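K.L.:
Dropping a prediction and its sequence here:
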Number of protein chains: 4
Amino acid sequence: MTEAAGRDATDGATPRQETRSRLPPEARMPQILEAAIEEFAERGYAGARMAAVASRAGIAKGLIYHYFPSKAELFQASIAACARPIFEDAERRLSGFQGSARQLLADLIGLAYARIREEQRERALFRLILTEAERVPALAEFYRREILERALGIAQAVLRAGIASGEFRPAAAALPGLAAVIMAPAVAGSVWQMILGDAAPDLAAMQAAHLDLLLAGLGAGGPAG
Amino acid sequence: MTEAAGRDATDGATPRQETRSRLPPEARMPQILEAAIEEFAERGYAGARMAAVASRAGIAKGLIYHYFPSKAELFQASIAACARPIFEDAERRLSGFQGSARQLLADLIGLAYARIREEQRERALFRLILTEAERVPALAEFYRREILERALGIAQAVLRAGIASGEFRPAAAALPGLAAVIMAPAVAGSVWQMILGDAAPDLAAMQAAHLDLLLAGLGAGGPAG
Amino acid sequence: MTEAAGRDATDGATPRQETRSRLPPEARMPQILEAAIEEFAERGYAGARMAAVASRAGIAKGLIYHYFPSKAELFQASIAACARPIFEDAERRLSGFQGSARQLLADLIGLAYARIREEQRERALFRLILTEAERVPALAEFYRREILERALGIAQAVLRAGIASGEFRPAAAALPGLAAVIMAPAVAGSVWQMILGDAAPDLAAMQAAHLDLLLAGLGAGGPAG
Amino acid sequence: MTEAAGRDATDGATPRQETRSRLPPEARMPQILEAAIEEFAERGYAGARMAAVASRAGIAKGLIYHYFPSKAELFQASIAACARPIFEDAERRLSGFQGSARQLLADLIGLAYARIREEQRERALFRLILTEAERVPALAEFYRREILERALGIAQAVLRAGIASGEFRPAAAALPGLAAVIMAPAVAGSVWQMILGDAAPDLAAMQAAHLDLLLAGLGAGGPAG
DNA sequence: CATGAATGAGGGTTCATTCAT
DNA sequence: TATGAATGAACCCTCATTCAT
């Protein structure tokens, strides 16, 4: 997206300060990774071109190979660079929470939708996972371990808390697929964002309906209770 | 090293001795499209190779170009070939339905999960859409028009029917994001299937929890009511 | 050396019969191998360029890869193509020989120098062996088995025959290094040809001196006898 | 991935704290040449990498260019560095020799085989000459002038001495190729060593047979005498 | 209609060389 | 003097596309 200013146009007017910049590795590597994440996310692994990565990073193609031995390793490193503790926030909020389970649920849903809306980087990671999971099993495993399992764990914890406090109907504990269903709208919402952008279902409306449905569906007066 | 290749084709003198099955376009095109869908779904557009499509179809590379002028057009045609009336079934069931809205909801959810589990072809299409939507706007548009909008329409219809019959709480009508939330677990489920295969959350459990949550959450005694 | 006429010059006068020729594999492969042998022999493995091989063969670069999967395999195949029974001639002559051992020796030496002078292909092979033996152990092994051992065997056979007939002094049998020494001038001669071309020591003069020295040194009246 | 590199050099402010051994050209050049000779001998000119030369020399890539303007010139210099008076020893021994020509011949042959066996550096030079002579005419010329001609001169001198003293048959003088044939086994022996290493014909056995053959073949009672 | 040999435009990668530090 | 980041020109190889047969 940054589309580094091409070097093709010798525009003659500006006095060419296109000099070599010589950054230390600590500065250059993130620059390349950033460019790579963008390129891979937009084009997929096969469609990405090393030249485009270099161009986005504003460097020569060959320089990439001073930092990463191959396209495949650059890809792996790009994934790793995205793989920050995505749910740290949510888990901290969960463990320290004092109020009602209903309030906690509302909080966490708010957090999830906020990330979907705002986190550029995570959207790219999600696209890469969807696109390349079949080709790179490590990606699928990463998604399962770092994203799906942790999100399910959080959902389970909230459910348990709500049942314990009497806010949620006890029968909810008997539904093994419930945690997945609870978090599903956020997943679908981010898929739609990814595919459709502005034409996707409105996230704010989804968030409101999502919370409403959960509160109603989990409430103590539910049908299975 | 000797690669005993070639030469088994028509050699001009002998009047056609073992030409490969000379099929009319009506028979050959689906064969090629089938192969192309598989290849594109497995490798993505950039990763797909025309030679592999030909090989899957059991024909020579060159023959593809008698039916499709380019890889890009073959891709478009592959998409179109998937674009069969995915929701025809559901819409027919919807329009002719006699029973309760709760029963209708259960039926349609059952239908949806069955397709997710079984329809090889649709899974491939979904993968292509996820993978290539950014690069091929027509794909995103196809998804919006043929899949998302129709699914949302069905969900809205069920909601309206349930509200009209008094089965669902009237407040549901005031939540514009509800239709999307209602169908979201099926979308998330198919994404997980795609990424994780057998490691994905169990679809049967999701289906049960999904239905249970909806019935409870939409029921007349809900919170927003 | 053939340096196929480049296709860069659209000369406008000649009606361009630079049409694609479509040879069967049986005809194209030797053509490529021939070109490859030349290129590898002249530049060594690392120095050889696939583009140059293609150019020598008068074909496009990519076509090589229809016949050989990589530069390394093309190299191996080039070696194999040279590896014809180099000493078949000499061994046949040896086994059927009727005259004196001195005459046989003269014959075989004549044969050896004739090959050094004339065999284009063998010179290339020898150069490749010298150049790449360290990098490609199979080359060294090929030289040992197919060239050195067979040549030594022939020399031993002649020695034995001459000793048996009383033409050569019996003490020659007691010198294990003698066979190697006997054939050495031919090897040195071909090395010098390879390095120096016309500036190399004259092969005819060497041949005469070689034979003379052997006849004198192996003769029955020698010092060690 | 972090490549904790660079930065340990002079940074302009602090007055030189841990600059790497700052050597004068007289000390640095041999170090580089030594490394270059190894690398060129092992990989050939095209296969050699400047980075590998630097690494062998324990310096940075760029420093090579302070001493040699290009790879080609480094190669030339490497050759020149090998070009020490290879035959100085032999020529000194020749000019001061007092004993019989037979003894002199034995001495010189012993010297030659000893060098083949022991001189690492000369083996590398010889390999370079064989490998690159066609591409670098100066190499062939160097070989002709500094090695072949001088060796032939020594052989001629010994021959003349032996004929003059009556030890060798006079007819030997009439064979222009004889000097080359006399030295040839040593050349062949070193080629075999180079290609085959331990699988080469035994040098000690060759040396014995070589000397024996020469003494017998050059002796006064020979056939052409 | 059908084949697969043939082409040629890149894409990934290497490496001699330069140059800011 | 010394470093190694940075460049860019090839090089090997792939693959969509063409076309003689």
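P.N.:
The structure has been received and is ready for your questions. The shown structure was predicted, so the numbers you read here are calculated from the model rather than taken from an experiment.
K.L.:
so what are the domain limits for chain A?
P.N.:
A:25-82, A:88-218 (automatic domain parsing).
K.L.:
Could you pick out the residues of chain A near chain D for me?
P.N.:
Within chain A, the positions near chain D by Cβ under 8 Å from any Cβ of the partner chain are A:24-26, A:29, A:67, A:77. To be clear about C-beta, it is placed using only N, CA and C from the backbone, and glycine gets the same treatment.
K.L.:
Quick check: A:Ile195 touching B:Tyr143?
P.N.:
Yes. Between A:Ile195 and B:Tyr143 there is a contact at 5.8 Å, judged by Cβ atoms under 8 Å.
K.L.:
Quick check: neighbours shared by these two?
P.N.:
By Cβ atoms under 8 Å, 6 or more residues apart in numbering or on different chains, A:Ile195 and B:Tyr143 have these common neighbours: B:129, B:133.
K.L.:
From chain B, how far out is A:Ala173?
P.N.:
With distances defined as Cβ to the nearest Cβ, to the nearest Å, the gap from A:Ala173 to chain B amounts to 11 Å.
K.L.:
That residue and chain C: what is the separation?
P.N.:
Taking Cβ to the nearest Cβ, one finds A:Ala173 at 60 Å from chain C.
K.L.:
So for that residue, what pLDDT did the model give?
P.N.:
Looking at A:Ala173, its pLDDT reads 95.
K.L.:
quick one, what contacts it?
P.N.:
Counting by Cβ under 8 Å, 6+ apart, A:Ala173 has contacts A:159-160, A:163.
K.L.:
Checking my notes, it in a strand, right?
P.N.:
No. Per DSSP: H, G, I helix; E, B strand; the rest coil, A:Ala173 lies outside any strand segment and is helix.
K.L.:
Output the contacting helices and strands for the helix ranked longest in chain A.
P.N.:
Ranked by number of residues, the top helix in chain A under DSSP state H is helix A:25-47. Applying 3 or more Cβ pairs under 8 Å, 6 or more residues apart in numbering or on different chains; DSSP states H and E, one finds that helix A:25-47 contacts helix A:50-57, helix A:61-67, helix A:71-82, helix A:120-132, helix B:25-47.
K.L.:
Just give me the closest of the residues of chain A next to chain D to chain B.
P.N.:
Distance to chain B across these (Cβ to the nearest Cβ) is lowest for A:Ala77, with 20.2 Å.
K.L.:
number of nearby residues for that closest one?
P.N.:
17 (other Cβ atoms under 10 Å in any protein chain shown).
K.L.:
And for A:Leu23?
P.N.:
Neighbours of A:Leu23 using other Cβ under 10 Å come to 12.
K.L.:
The nearest residue to A:Gly217 once chain neighbours are set aside sits in which helix or strand?
P.N.:
Once flanking residues are discounted, A:Gly217 sits nearest to B:Gly217: 2.9 Å by Cβ to Cβ, 6 or more residues apart in numbering or on different chains. Under the criterion of DSSP states H and E, B:Gly217 resides in helix B:203-218.
K.L.:
what packs against that helix?
P.N.:
Using 3+ Cβ pairs under 8 Å, 6+ apart, helix B:203-218 sits against helix A:178-196, helix A:203-218, helix B:101-118, helix B:178-196.
K.L.:
Could you export those to CSV, including columns for mean neighbour count?
P.N.:
Shown next, in CSV, are the helices and strands packed on helix B:203-218 (neighbours: other Cβ atoms under 10 Å in any protein chain shown):
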stretch, mean neighbour count
helix A:178-196, 24
helix A:203-218, 23
helix B:101-118, 18
helix B:178-196, 24
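K.L.:
could I get the ones you listed as TSV with mean pLDDT?
P.N.:
Listed next are the helices and strands packed on helix B:203-218 as TSV, based on pLDDT from 0 to 100:
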stretch	mean pLDDT
helix A:178-196	97
helix A:203-218	97
helix B:101-118	94
helix B:178-196	96
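K.L.:
how about those in JSON lines, adding distance to D:Cys82?
P.N.:
Listed next are those as JSON lines, based on distance: least, Cβ to Cβ, whole Å:
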{"stretch": "helix A:178-196", "distance to D:Cys82": "64"}
{"stretch": "helix A:203-218", "distance to D:Cys82": "74"}
{"stretch": "helix B:101-118", "distance to D:Cys82": "74"}
{"stretch": "helix B:178-196", "distance to D:Cys82": "62"}
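K.L.:
Nearest to DNA strand F among the ones you listed would be which one?
P.N.:
helix B:178-196 (23.0 Å; Cβ to the nearest atom of the strand).
K.L.:
Point to the residue nearest the middle of chain A.
P.N.:
Residue closest to the mean C-alpha point of chain A, counted by Cα atoms, centre = their mean, is A:Glu122 at 2.6 Å.
K.L.:
Give me the neighbour count for A:Ala27.
P.N.:
Neighbours around A:Ala27, by other Cβ under 10 Å: 10.
K.L.:
quick revisit: doesn't A:Leu128 make contact with the residue nearest to the centre of chain A?
P.N.:
No. Contact criterion Cβ under 8 Å: A:Glu122 and A:Leu128 do not qualify, at 10.5 Å.
K.L.:
what do these two both touch?
P.N.:
Joint contacts of A:Glu122 and A:Leu128 (Cβ under 8 Å, 6+ apart) are A:Cys82.
K.L.:
And whatever residue of chain A ends up closest to DNA strand F, how far from A:Phe68?
P.N.:
Per Cβ to the nearest atom of the strand, the residue of chain A with the smallest distance to DNA strand F is A:Gly62, at 1.9 Å. Plainly put, A:Gly62 is 12 Å away from A:Phe68 if you go by Cβ to Cβ, to the nearest Å.
K.L.:
of these two, who's got more company?
P.N.:
In this view A:Gly62 and A:Phe68 are compared by other Cβ under 10 Å, and A:Phe68 has more residues nearby, 21 against 9.
K.L.:
Mean pLDDT lowest where, among the helices and strands packed on helix A:25-47?
P.N.:
helix A:120-132 (a mean of 86).
K.L.:
by how many degrees do that helix and helix B:120-132 diverge?
P.N.:
140 degrees (axes from the mean of the first three to the mean of the last three Cα atoms, to 10 degrees).
K.L.:
List the contacts of helix A:120-132.
P.N.:
A:37-38, A:40-41, A:44-45, A:75, A:78-79, A:82-83, A:86, A:115-116, A:139-140, A:142-143, A:190-191, A:193-194, B:44, B:130-131, B:134, B:191, B:194-195.
K.L.:
Does that helix reach DNA strand E?
P.N.:
No. Helix A:120-132 does not reach DNA strand E (Cβ under 7 Å from any atom of the strand); its nearest approach is 14.0 Å.
K.L.:
Just the terminal-to-terminal distance for stretch A:74-94.
P.N.:
35 Å (Cα to Cα, to the nearest Å).
K.L.:
so can I have TSV of the domains of chain A showing distance to C:Ala186?
P.N.:
TSV is the format used below for the domains of chain A (distance: least, Cβ to Cβ, whole Å):
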stretch	distance to C:Ala186
domain A:25-82	48
domain A:88-218	58
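K.L.:
Out of those, which is closest to D:Ala106?
P.N.:
domain A:25-82 (57.4 Å; Cβ to Cβ).
K.L.:
Do me a favour and get the end-to-end distance for the closest one?
P.N.:
19 Å.
K.L.:
Any chance of the helices and strands packed on helix A:25-47 in TSV with distance to A:Leu111 as columns?
P.N.:
Output for these, formatted as TSV (distance: least, Cβ to Cβ, whole Å):
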stretch	distance to A:Leu111
helix A:50-57	31
helix A:61-67	34
helix A:71-82	18
helix A:120-132	12
helix B:25-47	32
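K.L.:
Of all the ones you listed, which one is nearest B:Ser100?
P.N.:
helix A:120-132 (37.3 Å).
K.L.:
just checking, next helix/strand downstream of that closest one?
P.N.:
helix A:137-142.
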